[in-house]
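Chemist: Give me coordinates for this.
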Amino acid sequence: MFSGIFQTTTIPVLQEVVNFSQTRHTVLAGNIANLDTPGYKVRDLSVEDFQEKLHSAIESRDQPPAPRSPGEPAVEDKPTLAEISKNPKSILYHDKSNVGLEYQVTEMVKNQLQHNLALSLMRSQFQLLQAAISGRA
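Modeler: Prediction:
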């Protein structure tokens, strides 16, 4: 019953943004932790690929589901993290690592801003739902 209410809002989309930014923050923190590790190659999650997948998921959500024959299992087309992982372009240093502190910190700050924005929007959506349910809208 409540899932239908939530599916008509932006809450599921915001939840995916929050989950992605939390995972990306962990990856970026690992890059900074391994800053002095010789030969360490940075890892990152592609924001562009995530945005494309999220956009297509939103568009497909608005489309009616394709009819299935009886007994046919539902196929979920969720990408794995390996599919959306990419190494960012940065300088290759003399120790063959490509970890740049300034770049990693900048990406972490941008990621944190995206995370905070999604949480703020989600909070306002929940407040609107709470006001509608309590009849104060």
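Chemist: Contact partners for residue 111?
Modeler: Applying C-beta atoms under 8 Å, 6 or more residues apart in numbering, we find residue 111 in contact with 21, 24, 25, 28. Glycine gets a C-beta too; all of them are placed from N, C-alpha and C.
Chemist: surely the third one meets residue 110?
Modeler: Meaning residue 25. No. When contacts are counted by C-beta atoms under 8 Å, residue 25 is not listed as touching residue 110 (10.6 Å).
Chemist: out of the two, which sits in the busier spot?
Modeler: The residue with more neighbours, out of residue 25 and residue 110, is residue 25; 17 against 14, by other C-beta atoms under 10 Å.
Chemist: What helix or strand is the more buried one located in?
Modeler: Using DSSP states H and E, residue 25 falls within helix 11-33.
Chemist: longest helix anywhere in this structure?
Modeler: Across the chain, the longest stretch assigned as helix under DSSP state H is helix 101-134.
Chemist: Please work out the angle formed by the directions of that one and helix 11-33.
Modeler: 160 degrees (axes from the mean of the first three to the mean of the last three C-alpha atoms, to 10 degrees).
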